[in-house]
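Chemist: No sequence on hand, only this structure:
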């Protein structure tokens, strides 16, 4: 009788444990769905608010070739933003990808150099952008005599996004199965050919994701560019001072005189970021299909 009671107690305990696990699973599922719904709602609210406030204020004068205090044109800022984004990526992407390839494919696993580079990358990722701006002003603007220019801003932004590109590229390379490398070596390919023809194409979608994140940071940056590229509202050459779109919007909003134009600028900035993300995602998807 005692043995039957013991078995019955154990059975009830197992049933209670199974019910509690099911309850936990349901609660966790609800929490995940709630978090996803909250994220979508917040994003939808922000986009809707910007569009409602900004679209009615979009006027042809905002896209004039030359900026004046009357038209508050954002076209020079758009051109400067595209120029600076292209220059920063041209400087940072080859170096970041090359460093990641060395760390994953050539460096000795767990070596002191690898640990040092990763520590430096993580440290640089956590530095506020205003510190980068002051550094860029002192080094590129004052020491190298570039002054307030697109070159100073691009070099500063390249340093800012370098850790992001390096880390995302490293993770993308680590996600490539070793069987790809072994198959290439088995067919007689060398290390360099394997990396260039097999590993990098397979990791291209992940690398492109890092580039997308870097573009988003460049387009939305203001603090670092105040001290490096300057705030002159004109289509600037590489050695001239020129304002970017996010900085243009910040100036309009902070002055308090052009709030409506600031909302209109925010619409264009939002559409620019969405367009870049959409185009990059499509490109990453096509690359992934080709690799598949």
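Modeler: Sure thing, it's come through. Just so it is clear, the structure is predicted and the values come from calculations on it, not from any experiment. Residues are numbered from 1 along each chain as shown.

Chemist: Residue 131 and residue 153, how far apart?
Modeler: Relative to residue 153, residue 131 is positioned 15 Å away (criterion: C-beta to C-beta, to the nearest Å). Where you see a C-beta, it was placed from the backbone N, CA and C, and this is true even at glycine.

Chemist: Between those two, point out the one with more neighbours.
Modeler: residue 153 (35 against 12; other C-beta atoms under 10 Å).

Chemist: Quick one: residues contacting the more buried one.
Modeler: Shown in contact with residue 153 (C-beta atoms under 8 Å, 6 or more residues apart in numbering): 84, 136, 224-225, 228-229, 244.

Chemist: what's the nearest residue to it if we skip its chain neighbours?
Modeler: Closest residue in space to residue 153, ignoring its immediate chain neighbours: residue 229 at 3.1 Å, by C-beta to C-beta, 6 or more residues apart in numbering.

Chemist: In this structure that neighbour contacts residue 150, no?
Modeler: Yes - in this structure, residue 229 is within contact of residue 150 by C-beta atoms under 8 Å, at 5.7 Å.

Chemist: Flag the shaky bits of the protein, pLDDT-wise.
Modeler: 1-7, 284-285, 287-292 (pLDDT under 70).

Chemist: can you tell me which helix or strand the residue nearest to residue 153 belongs to?
Modeler: Using DSSP states H and E, residue 229 sits within no helix or strand.

Chemist: which residues touch the residue nearest to the spatial centre of the chain?
Modeler: By C-alpha atoms, centre = their mean, the chain has its centre lying nearest to residue 213, at 1.5 Å. Contacts for residue 213 (C-beta under 8 Å, 6+ apart) come out as 164, 168.

Chemist: let's see 6 Å
Modeler: residue 164 (C-beta atoms under 6 Å, 6 or more residues apart in numbering).
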